[in-house]
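Student: could you look at this predicted model? Sequence included:
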Amino acid sequence: MKNNYKFSIDRICFDENYQPSDRTRLTTNFANLARGECRQENLRNVLLMINNRFNDLAHWDNPDRDRYSVELEIVSVSMDINSPDKEISFPLIEVLNTTIIDKKESKRIDGLVGNSFSSYVRDYDFSVFLPKYNKDKAKFSVPNNYGDLHGNIFKNFINSNLYKENFKKLPVICLSVSTNRTYHRTGNHHPILGFEYQQHEFSLTDQYFGKMGMEVRYFMPRNSMAPLAFYFCGDLLSDYSGLELIATISTMESFQKVYRPEIYNANSAASDCYQPSLKNQDYSITRIIYDREERSQLATAQGIYTEEHFIKPYQDFLA
């Protein structure tokens, strides 16, 4: 009897009462905020940041800047494997799904799924596999098949009937730009995404998302301090509405201000030729507590967990 598998989805509201589940990666930005003595204040403040930024960007017919609010839902995707010996349900990825509340028109508007992106297999690839592969090597390198497993799992999921039944559009994932690359501002300007930046060599993250079937473009929205990296499968500029893009920008820029304030909460905006740096000292700190050092340590622990409970036991099936 061969192994077979299917995907399953769980949803939980991300609000000031959010409690991370036992299956959530604790390195995930939204889970990290929901821990410790200040957890509820953290959550309340970041949601306020998101709503304020949304109304700042969606300023038309919105004189008091309070017309809209954003509801966030955490979507957890598991792979349920039925093997000859046992059945398991392994948590693969978590993403955020946005819904826009138009208080003036009293209606709910679908946003985009994706936004943040959390993955156990990605933890394994970056924090366990790559260090082992490069151990004792004089020069860092990446094997040709790096990211293939993760990419194929992701593509299987977004092409599945389960995805199509739950989401109307392909995901857009928004992340920080790389501190190892230099970005150059172009003359291309989008009314929502802002000025486009380009760089001449894909980062390791860009290449990794490429294995997932996603392209990348970099844009700096109005009043932003630095460009964001947008990963997408179709046409970023044509496939999504202005409000959908604003929900993604306001959500992810707010998270970036919390855990990369040196870049996204800097006191001066990115120049035309820009290299992000976590050593920048001219930035402001939000009122939200976030343990970035713990996040790095947990990534390795979660990568080891993935190796022991998913990669090794099911390596023949996954291959």
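Tutor: Cool, got the structure.
Student: now do the residue nearest to the spatial centre of the chain against residue 75, distance only.
Tutor: By CA atoms, centre = their mean, the mean C-alpha position of the chain lies nearest to residue 116, the distance being 2.2 Å. Separation of residue 116 from residue 75 (CB to CB, to the nearest Å) stands at 10 Å. For glycine as for every other residue, the C-beta is placed from the backbone atoms N, C-alpha and C.
Student: pull up the overlap in contacts between those two.
Tutor: Residues touching both residue 116 and residue 75 (CB atoms under 8 Å, 6 or more residues apart in numbering): 94, 95, 96.
Student: skipping its backbone neighbours, what lies nearest the residue nearest to the centre of the chain in space?
Tutor: Using CB to CB, 6 or more residues apart in numbering and skipping the chain neighbours, the partner closest in space to residue 116 is residue 96 (4.9 Å).
Student: so what's that neighbour up against?
Tutor: Residue 96 neighbours (CB under 8 Å, 6+ apart): 14, 30, 72, 73, 74, 75, 113, 114, 115, 116, 251.
Student: out of the residues you listed, which one sits closest to residue 169?
Tutor: residue 113 (7.7 Å; CB to CB).
Student: show the pLDDT at the closest one.
Tutor: What the model reports as pLDDT for residue 113 is 96.
Student: after the one helix or strand it maps to, next one along is what?
Tutor: Assigned by DSSP states H and E, residue 113 belongs to strand 107-119. Next helix or strand after strand 107-119 toward the C-terminus (DSSP H and E): helix 120-124.
Student: buried ones in the helix or strand just after that following helix, by neighbour count?
Tutor: Using DSSP H and E, the helix or strand that follows helix 120-124 in sequence is helix 130-134. Buried residues in helix 130-134, defined by neighbour count with 16 or more other CB atoms under 10 Å: residue 130.
Student: for the very next helix or strand once past helix 130-134, which helices and strands make contact with it?
Tutor: Where DSSP H and E defines the elements, the next helix or strand beyond helix 130-134 is helix 148-158. Of the remaining helices and strands, those touching helix 148-158 by 3 or more CB pairs under 8 Å, 6 or more residues apart in numbering; DSSP states H and E are strand 87-102, helix 120-124, helix 204-211.
Student: figure out which of those is closest to residue 55.
Tutor: Closest to residue 55 of the helices and strands packed on helix 148-158 is strand 87-102 (CB to CB; 10.9 Å).
Student: tell me how far that closest one lies from the chain's centre.
Tutor: Remark: strand 87-102 is offset 11 Å from the chain centroid, using CA atoms, centre = their mean, to the nearest Å.
Student: next, the angle helix 148-158 makes with it.
Tutor: 60 degrees (axes from the mean of the first three to the mean of the last three CA atoms, to 10 degrees).
Student: which residues does residue 230 contact?
Tutor: By CB under 8 Å, 6+ apart, residue 230 lies in contact with 172, 173, 174, 193, 216, 217, 218, 219, 236, 248.
Student: now do it against residue 149, distance only.
Tutor: Per CB to CB, residue 230 is found 24 Å from residue 149.
Student: measure residue 302 to residue 122 for me?
Tutor: According to CB to CB, residue 302 and residue 122 sit 10 Å apart.
Student: same check, this time on residue 245
Tutor: 24 Å.
Student: and residue 202, by the same measure?
Tutor: Taking CB to CB as the measure, residue 202 falls 16 Å from residue 122.
Student: more neighbours: which of those two?
Tutor: Ranked by neighbour count (other CB atoms under 10 Å), residue 202 and residue 122 place residue 122 first, with 24 against 14.
Student: got a pLDDT number for the more buried one?
Tutor: 93.
Student: just use 757 as the starting number from now, easier for me
Tutor: Taking 757 as the first residue, the last one we looked at is residue 878.
Student: just give the closest residue to it, not the sequence neighbours.
Tutor: Using CB to CB, 6+ apart and skipping the chain neighbours, the partner closest in space to residue 878 is residue 906 (6.0 Å).
Student: how about the contacts made by the one you found?
Tutor: Here residue 906 is in contact with 875, 877, 878, 881, 964, 967, 968 (CB under 8 Å, 6+ apart).
Student: same list (the residues you listed) but as TSV, adding distance to residue 918.
Tutor: What follows is the contacts of residue 906, written out as TSV (distance: CB to CB, whole Å):
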residue	distance to residue 918
875	17
877	18
878	21
881	24
964	23
967	21
968	17
